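Asker: please find the sequence and the predicted model below.
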Amino acid sequence: MNNYTTISPADLACNPIKEIGKDWMLITAKKKDGSINTMTASWGGVGVLWGKNVAFCFIRPQRYTLEFTEEAEEFSLSFFEETYRSALTLCGRKSGRDCDKITEAGLHPADFEGVPAFTEAKRVLKVKKLYKDAIRPESFLDPALCTQHYKEQDYHILYICEILAGFEKEDKV
(Lines give C-alpha, C1' and ligand atoms only; values in the text may rest on other atoms or scores of the structure.)
Protein backbone atom coordinates (compact mmCIF):
# COMPACT_ATOMS: atom_id res chain seq x y z
CA MET A 1 0.00 0.00 0.00
CA ASN A 2 3.08 2.21 -0.12
CA ASN A 3 2.25 3.76 -3.50
CA TYR A 4 -1.22 4.97 -2.45
CA THR A 5 -2.33 8.28 -1.03
CA THR A 6 -5.14 8.29 1.51
CA ILE A 7 -7.85 10.67 0.41
CA SER A 8 -11.05 11.89 2.02
CA PRO A 9 -14.14 10.34 0.40
CA ALA A 10 -15.43 13.86 -0.33
CA ASP A 11 -12.27 14.58 -2.36
CA LEU A 12 -12.42 11.56 -4.68
CA ALA A 13 -12.11 12.64 -8.31
CA CYS A 14 -14.12 10.01 -10.15
CA ASN A 15 -17.34 9.37 -12.00
CA PRO A 16 -19.03 6.58 -10.00
CA ILE A 17 -21.65 5.91 -12.67
CA LYS A 18 -18.92 5.16 -15.21
CA GLU A 19 -16.56 3.43 -12.80
CA ILE A 20 -19.21 1.08 -11.37
CA GLY A 21 -21.57 0.60 -14.29
CA LYS A 22 -19.15 0.58 -17.22
CA ASP A 23 -15.68 -0.12 -15.79
CA TRP A 24 -16.88 -2.38 -12.94
CA MET A 25 -15.44 -2.83 -9.46
CA LEU A 26 -14.37 -5.65 -7.18
CA ILE A 27 -16.08 -6.21 -3.83
CA THR A 28 -13.55 -7.91 -1.56
CA ALA A 29 -14.00 -9.15 2.00
CA LYS A 30 -12.10 -11.21 4.54
CA LYS A 31 -13.43 -13.84 6.91
CA LYS A 32 -12.24 -14.07 10.49
CA ASP A 33 -9.99 -17.01 9.51
CA GLY A 34 -8.08 -14.65 7.17
CA SER A 35 -9.39 -16.08 3.88
CA ILE A 36 -10.51 -13.54 1.29
CA ASN A 37 -12.82 -13.59 -1.69
CA THR A 38 -13.76 -11.09 -4.34
CA MET A 39 -16.42 -10.61 -6.98
CA THR A 40 -16.99 -8.25 -9.86
CA ALA A 41 -19.90 -5.85 -9.52
CA SER A 42 -21.48 -3.44 -11.98
CA TRP A 43 -24.41 -2.41 -9.78
CA GLY A 44 -23.97 0.04 -6.96
CA GLY A 45 -23.52 3.68 -6.20
CA VAL A 46 -22.20 6.33 -3.87
CA GLY A 47 -23.83 9.28 -2.19
CA VAL A 48 -24.75 10.79 1.14
CA LEU A 49 -27.20 9.21 3.56
CA TRP A 50 -27.72 9.69 7.30
CA GLY A 51 -25.09 12.43 7.25
CA LYS A 52 -22.43 9.99 6.02
CA ASN A 53 -20.60 9.39 2.74
CA VAL A 54 -21.91 6.00 1.66
CA ALA A 55 -21.57 3.32 -0.99
CA PHE A 56 -24.39 1.00 -2.04
CA CYS A 57 -23.45 -2.58 -2.91
CA PHE A 58 -25.59 -5.41 -4.22
CA ILE A 59 -24.71 -9.12 -3.94
CA ARG A 60 -26.83 -12.04 -5.12
CA PRO A 61 -27.47 -14.71 -2.46
CA GLN A 62 -25.66 -17.48 -4.36
CA ARG A 63 -22.39 -15.54 -4.62
CA TYR A 64 -19.56 -16.93 -2.48
CA THR A 65 -18.50 -13.37 -1.63
CA LEU A 66 -21.75 -12.96 0.31
CA GLU A 67 -20.42 -15.31 3.02
CA PHE A 68 -17.38 -13.07 3.37
CA THR A 69 -19.28 -9.77 3.47
CA GLU A 70 -21.68 -11.26 6.00
CA GLU A 71 -18.80 -12.15 8.32
CA ALA A 72 -16.80 -8.93 7.84
CA GLU A 73 -17.74 -5.61 9.39
CA GLU A 74 -15.65 -3.77 6.79
CA PHE A 75 -14.62 -4.60 3.23
CA SER A 76 -13.29 -2.90 0.10
CA LEU A 77 -14.44 -1.69 -3.29
CA SER A 78 -11.59 -1.63 -5.83
CA PHE A 79 -11.52 0.17 -9.17
CA PHE A 80 -9.15 -0.59 -12.05
CA GLU A 81 -7.82 0.69 -15.35
CA GLU A 82 -9.24 -0.87 -18.53
CA THR A 83 -6.12 -3.05 -18.87
CA TYR A 84 -7.55 -5.21 -16.04
CA ARG A 85 -10.86 -5.93 -17.82
CA SER A 86 -9.98 -9.63 -18.32
CA ALA A 87 -9.17 -10.01 -14.61
CA LEU A 88 -12.51 -8.45 -13.64
CA THR A 89 -14.31 -10.63 -16.19
CA LEU A 90 -12.71 -13.74 -14.66
CA CYS A 91 -13.62 -12.62 -11.12
CA GLY A 92 -17.22 -12.19 -12.24
CA ARG A 93 -17.52 -15.53 -14.02
CA LYS A 94 -15.67 -17.88 -11.68
CA SER A 95 -16.46 -18.74 -8.09
CA GLY A 96 -13.89 -18.76 -5.33
CA ARG A 97 -15.59 -21.96 -4.15
CA ASP A 98 -14.21 -23.76 -7.20
CA CYS A 99 -10.79 -22.21 -7.82
CA ASP A 100 -8.28 -19.60 -6.68
CA LYS A 101 -9.66 -16.94 -8.99
CA ILE A 102 -7.57 -14.16 -7.45
CA THR A 103 -4.37 -15.93 -8.49
CA GLU A 104 -5.87 -16.91 -11.87
CA ALA A 105 -6.76 -13.26 -12.47
CA GLY A 106 -3.18 -12.21 -11.70
CA LEU A 107 -4.23 -9.99 -8.81
CA HIS A 108 -2.16 -9.39 -5.68
CA PRO A 109 -4.02 -8.86 -2.39
CA ALA A 110 -2.79 -6.26 0.08
CA ASP A 111 -4.02 -4.86 3.36
CA PHE A 112 -5.62 -1.41 3.12
CA GLU A 113 -6.06 -0.33 6.75
CA GLY A 114 -7.48 -3.70 7.74
CA VAL A 115 -9.43 -4.60 4.59
CA PRO A 116 -8.20 -6.65 1.63
CA ALA A 117 -7.88 -5.03 -1.78
CA PHE A 118 -5.47 -5.31 -4.70
CA THR A 119 -2.18 -3.61 -5.55
CA GLU A 120 -3.32 -3.31 -9.17
CA ALA A 121 -6.30 -1.09 -8.27
CA LYS A 122 -6.19 2.58 -9.22
CA ARG A 123 -8.61 3.40 -6.39
CA VAL A 124 -9.83 1.57 -3.29
CA LEU A 125 -12.66 2.48 -0.95
CA LYS A 126 -12.66 1.04 2.55
CA VAL A 127 -16.28 0.68 3.66
CA LYS A 128 -18.15 -0.29 6.84
CA LYS A 129 -21.57 -1.93 6.75
CA LEU A 130 -24.38 0.25 8.17
CA TYR A 131 -27.52 -1.36 6.76
CA LYS A 132 -28.55 -4.57 5.01
CA ASP A 133 -31.77 -5.64 3.36
CA ALA A 134 -32.97 -7.92 0.58
CA ILE A 135 -34.54 -6.66 -2.60
CA ARG A 136 -38.19 -7.68 -2.44
CA PRO A 137 -40.39 -8.32 -5.50
CA GLU A 138 -43.41 -6.64 -3.90
CA SER A 139 -41.48 -3.38 -3.60
CA PHE A 140 -40.95 -2.90 -7.35
CA LEU A 141 -42.98 -0.01 -8.72
CA ASP A 142 -42.03 -1.11 -12.23
CA PRO A 143 -42.69 -4.89 -12.30
CA ALA A 144 -40.83 -5.22 -15.61
CA LEU A 145 -37.56 -4.62 -13.74
CA CYS A 146 -38.26 -7.56 -11.47
CA THR A 147 -39.16 -9.79 -14.41
CA GLN A 148 -36.10 -8.68 -16.40
CA HIS A 149 -33.46 -8.91 -13.67
CA TYR A 150 -34.74 -11.68 -11.38
CA LYS A 151 -35.86 -14.56 -13.58
CA GLU A 152 -34.41 -16.96 -10.98
CA GLN A 153 -35.91 -14.97 -8.06
CA ASP A 154 -32.38 -14.56 -6.67
CA TYR A 155 -32.94 -11.11 -5.24
CA HIS A 156 -29.85 -9.13 -4.35
CA ILE A 157 -28.82 -8.32 -0.82
CA LEU A 158 -28.31 -4.56 -0.50
CA TYR A 159 -25.60 -3.16 1.74
CA ILE A 160 -25.38 0.51 2.56
CA CYS A 161 -21.85 1.16 3.78
CA GLU A 162 -20.08 4.17 5.18
CA ILE A 163 -17.01 5.09 3.15
CA LEU A 164 -14.30 5.24 5.82
CA ALA A 165 -11.33 6.02 3.56
CA GLY A 166 -10.30 6.33 -0.04
CA PHE A 167 -6.94 5.32 -1.46
CA GLU A 168 -5.68 6.62 -4.82
CA LYS A 169 -2.66 5.17 -6.58
CA GLU A 170 -0.10 7.97 -6.45
CA ASP A 171 0.50 7.99 -10.18
CA LYS A 172 -3.29 8.57 -10.58
CA VAL A 173 -3.62 11.44 -8.09
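Answerer: That came through, no problem.

Asker: centroid-nearest residue for the chain?
Answerer: For the chain, the residue nearest the mean C-alpha position is Ile27 (2.6 Å; Cα atoms, centre = their mean).

Asker: contacting residues for that one?
Answerer: Contacts for Ile27 (Cβ atoms under 8 Å, 6 or more residues apart in numbering) come out as 38-39, 41, 57, 59, 65, 69, 75-77. C-beta: built from backbone N, CA, C; applies to glycine.

Asker: can you get me a residue count around Lys169?
Answerer: Using other Cβ atoms under 10 Å, Lys169 has 17 neighbouring residues.

Asker: list the contacts for it?
Answerer: By Cβ under 8 Å, 6+ apart, the contact list for Lys169 reads 3-4, 121-123.

Asker: picking that back up, got the contacts of Ile27 as CSV, with neighbour count, pLDDT and secondary structure columns?
Answerer: Rendered in CSV, the data for the contacts of Ile27 read as follows (neighbours: other Cβ atoms under 10 Å; pLDDT from 0 to 100; DSSP: H, G, I helix; E, B strand; the rest coil):
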residue, neighbour count, pLDDT, secondary structure
Thr38, 29, 98, strand
Met39, 24, 97, strand
Ala41, 22, 96, strand
Cys57, 25, 96, strand
Ile59, 24, 97, strand
Thr65, 24, 97, helix
Thr69, 26, 98, helix
Phe75, 27, 98, strand
Ser76, 30, 98, strand
Leu77, 27, 97, strand
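
Asker: what are the bridge partners for Pro116, then?
Answerer: Pro116 has the following beta-bridge partners by DSSP bridges: Asp111.

Asker: Glu162 now?
Answerer: When bridges are taken as DSSP bridges, the partners of Glu162 come out as Val54, Lys128.

Asker: about what we covered before: what bridges to the residue nearest to the centre of the chain?
Answerer: In beta-bridge terms (that is, DSSP bridges), Ile27 pairs with Met39, Leu77.

Asker: still on that earlier bit, go through the contacts of Ile27 and name the one nearest Ile20.
Answerer: Nearest to Ile20 out of the contacts of Ile27 is Ala41 (Cβ to Cβ; 7.2 Å).
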